[in-house]
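Enquirer: Model the structure of this input:
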Amino acid sequence: MAALGYAVGTEPDGDEGGDEGRTRLLAAAALTVPVLALSMFPALRYPGWAWLAAVLATPVVLWAGAGFHRAALAGLRHRTATMDTLVSLGTLAAWGWSVAVLLAGDPAAADPGGHVYFEVASVIVVLILLGRWLEGRARRRSGQALRRLLELGAGTAMVLRDGAEVPVPAEAVAVGDRFVVRPGQKLATDGVVEQGRSSIDRSLLTGESVPVEVGPGDDVTGATVNLEGRLVVRATRVGADTALAQIVRLVEAAQGSKAPVQRLADRVAGVFVPVVLGVAAVTLAGWLVTGHDAGEAVSAAVAVLIVACPCALGLATPTAVMAGTGRGAQLGILIRGAEVLERAGRVTTALLDKTGTVTEGRMSLVEVAADDGTDPDRLLALAASLEDASEHPVARAVADGARDRGLALSPAEAFRNLPGRGVSGRVGGHELLVGSAGLLEERGWTVPERVVAAADAMRATGRTAVVAGWDGRARGVLAVADRVKPGARAAVERLRALGLETVLLTGDHRATAATVAGELGVDELAAELLPDGKVAEVRRRQRAGQVVAMVGDGVNDAPALAQADVGVALGGGADVAVEASDLTLVGGDPNGVADAVALSRETYATIKQNLFWAFAYNVAAIPLAALGRLHPMVAAAAMSLSSVFVVSCSLQLRAFSPARPRAVRARRLALAGVAVVALAAALVLSPGLTQPPPEPAQPPAQPAHPAGHPVSQERP
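Expert: Coordinates of the predicted model:
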């Protein structure tokens, strides 16, 4: 790897996203500003200004741009050409020619005008350093996802030693240790319950908001949260063997295995650079063969290299990325760099996490089914009054649902939490039980068949059924579920309209997931998946040639987000998910996924058009430079015009609208027409075209004798 120019186990060259990269960028920018001002505004020039420009531009090209030159040399050793090769070649040619003009004592050296190109070399270095620094900073920040994951675990475990609870650091817990977990605490490590019953929030693993009831013999996972009763757990997996550690490894492996997409500019440079070098070599040889002196031949060859150096290259990608990401930020879409834009524009499949992504991510009361002779409002009011004393997510959903319907709640007496089964107490003089049908049957209460049938029907559609009764009889069933977000179905329809296949991906039960999938109208469903299962699903589709976007918001989604070609995280979700993603939807609206894909396609199309104009003017000028018929002012104008059109195309992205995504394309095409006319006019009106190419130098003719004989050169 080192032989190929890559450093193993080190930061990228120049620490592009860190302090050193920022220092180089700021220093280069500070030196370039006066060079650019002197070159663009003749009023600022004074005798000898070009020497000042040379002094300021030299450290920019040789020091700030040293990374490009080293990369170009490494590529040369292995016979490859990339954007670094083009940048190095162009900047050194422009700088070297300009220095040579000054040192050779050119008659126009006091005010060389278009004969020196210090500003071209400096601006290219600064702009590309800016793009590299922004991308390097994004790479450095991606490692925060792993640190955030590791911070999710419990810090201390209450281990039982000789019957006493002893606080021990979580990492010191050994397999076989028994530890106590109280309500509201995280489990220190993976294990099996030996004593107690409770509800466990496993959203870390599954992303689902419905707690899981556990009791003796049930497996539990470290970093999940105990919601209710006291548990005694025997550790079965510790350290690197825990489920949390496996999630960390999945994220790390996915981030390391995602090969970066090669830049379009590199692919263009791989062809453009050898062609330009070949044309320069042929120009040099052609002028020498036709009898011109070495100075004229070298001048023509260097002119080819200078006009081939696209000053707009440094603007092509950064300006489009800045305009696209700026417009994305206005739409609530945060995009990490040009490579993300390229991949997002090529997405073919969208995998949508369920809970918190297309659903609200919290339990809500969705149905009240009262037995015959029971008023539904009274059923809900009594059940909610008792549930209001509990912190269980299902209980909170019932209590909040009653308040939303304007029902008054009464204080509960003799409240008792029954972990894993329900709650009991007295409300308004009635003895109440709210929980599973089995809880009521254990107490000897009557559970009518109609109530049992209603509960079964609710569970069959993926809802959580809560049976409520008083005074020895079940009176009805309350259904609690995670609601689909408003606009989620419209978001799926928009993705399908863009040609994407949509898949609902979830760790929830298939029955629940199927209900949500039917409401959304997705193409496929993959349910009951843990984090590694989601990663496997992403990989399976990538192997099939699909370009996959994963949309999620939870810790359990982080490995899949990192593995996907484009990871899309919803703002307000887990920090780990946001850090592991490529795109972030700030508002959490799933409609932003379609907006992001459409914006990415337009931005990437703009980058491609920019790269075309970054080369088109220069390619058109190369033959004229090779023939010695290109006026220096036309060369300077070509560089300026290409930059103007690149910037203009990029600025059209500010008008991007999800409602009219093709409007930007129409504006770009109009600018392309203007660019063609301007290019043709610049070349036709070139003063150099009106002059014939210089003739080879001829030896001076000797004066002839009147009789036709040459005058003797001898002294009389």
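Enquirer: next helix or strand past the least confident helix or strand in the chain by mean pLDDT?
Expert: In the chain, no helix or strand scores lower on mean pLDDT, DSSP states H and E than helix 144-150, which sits at a mean of 56. Toward the C-terminus, helix 144-150 is succeeded by strand 156-161 as the next helix or strand (DSSP states H and E).
Enquirer: for that following strand, which positions count as buried?
Expert: Using 16 or more other Cβ atoms under 10 Å as the test for burial, strand 156-161 gives A157, M158, V159. (Glycine included, C-beta is placed from N, CA and C.)
Enquirer: Tell me the one among the residues you listed nearest to G469.
Expert: For the buried residues of strand 156-161, the minimum distance to G469 (Cβ to Cβ) is 37.4 Å, reached by M158.
Enquirer: which ones are touching the closest one?
Expert: E165, V166, P167, V168, F179, V180, V181 (Cβ atoms under 8 Å, 6 or more residues apart in numbering).
Enquirer: please redo it, this time with the cut-off set to 10 Å
Expert: 164-168, 178-182, 185, 188, 232 (Cβ atoms under 10 Å, 6 or more residues apart in numbering).
Enquirer: Just send the residues you listed back as CSV, with pLDDT too.
Expert: As requested, these are exported to CSV (pLDDT from 0 to 100):
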residue, pLDDT
A164, 88
E165, 89
V166, 90
P167, 90
V168, 89
R178, 93
F179, 94
V180, 93
V181, 92
R182, 89
Q185, 87
A188, 87
V232, 93
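Enquirer: all strands in the stretch 551-700 of the chain, in order from the N-terminus.
Expert: 566-570, 583-585 (DSSP state E, counting those that start in this stretch).
Enquirer: so how far is the last one off the chain centroid?
Expert: Taking Cα atoms, centre = their mean, to the nearest Å, one finds the center of strand 583-585 at 7 Å from the center of the full chain.
Enquirer: Check the first one too.
Expert: Counting by Cα atoms, centre = their mean, strand 566-570 is centred 7 Å from the centre of its parent chain.
Enquirer: Tell me which other helices or strands that strand touches.
Expert: Contact here means 3 or more Cβ pairs under 10 Å, 6 or more residues apart in numbering; DSSP states H and E; on that basis strand 566-570 packs against strand 333-335, helix 337-345, strand 349-353, strand 548-552, helix 558-563, helix 575-580, strand 583-585, helix 591-626.
Enquirer: Tell me what angle the longest one forms with strand 349-353.
Expert: Read that as helix 591-626. Orientation check (axes from the mean of the first three to the mean of the last three Cα atoms, to 10 degrees): helix 591-626 against strand 349-353 gives 150 degrees.
Enquirer: what angle do helix 591-626 and helix 337-345 make?
Expert: Using the same axes, to 10 degrees: helix 591-626 against helix 337-345 is 120 degrees.
Enquirer: oh, and call the first residue 800 from now on, that's how I've got it
Expert: Understood, numbering begins at 800; the last thing we discussed is helix 1390-1425.
Enquirer: so where do the strands sit in the stretch 900-1049 of the chain?
Expert: Under DSSP E, counting those that start in this stretch, the stretch 900-1049 of the chain gives strands at 955-960, 963-968, 977-980, 989-994, 997-1000, 1011-1013, 1018-1019, 1024-1025, 1030-1036.
Enquirer: Going by neighbour count, list what's buried in the longest one.
Expert: If you call a residue buried by 16+ other Cβ under 10 Å, then strand 1030-1036 has these buried ones: L1030, V1031, V1032, R1033, A1034, R1036.
Enquirer: Same check on stretch 1344-1353?
Expert: Q1345, V1346, V1347, A1348, M1349, V1350, G1351, D1352, G1353.
Enquirer: circling back: could I get the strands of the stretch 1350-1499 of the chain as JSON lines with distance to L1026, mean neighbour count and mean pLDDT?
Expert: Below are the strands of the stretch 1350-1499 of the chain laid out as JSON lines (distance: least, Cβ to Cβ, whole Å; neighbours: other Cβ atoms under 10 Å; pLDDT from 0 to 100):
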{"stretch": "strand 1365-1369", "distance to L1026": "24", "mean neighbour count": "30", "mean pLDDT": "87"}
{"stretch": "strand 1382-1384", "distance to L1026": "29", "mean neighbour count": "26", "mean pLDDT": "82"}
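Enquirer: which one among the buried residues of strand 1030-1036 gets closest to A849?
Expert: R1036 (71.2 Å).
Enquirer: coming back round to it: which of the strands of the stretch 900-1049 of the chain sits closest to T881?
Expert: Going by Cβ to Cβ, the one of those nearest T881 is strand 1030-1036, 46.3 Å.
Enquirer: coming back round to it: let's have the strands of the stretch 900-1049 of the chain in TSV, adding distance to L1114.
Expert: Converted to TSV, these look like this (distance: least, Cβ to Cβ, whole Å):
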stretch	distance to L1114
strand 955-960	55
strand 963-968	54
strand 977-980	58
strand 989-994	53
strand 997-1000	50
strand 1011-1013	55
strand 1018-1019	56
strand 1024-1025	51
strand 1030-1036	54
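Enquirer: Please, which helix or strand holds A1252?
Expert: helix 1248-1259.
Enquirer: could you point out which element follows that helix?
Expert: Taking DSSP H and E, what comes next after helix 1248-1259 is strand 1263-1269.
Enquirer: Give me the helices and strands touching that following strand, please.
Expert: strand 1158-1169, helix 1175-1186, helix 1192-1203, strand 1221-1226, strand 1229-1234, helix 1236-1241, helix 1248-1259, strand 1272-1283.
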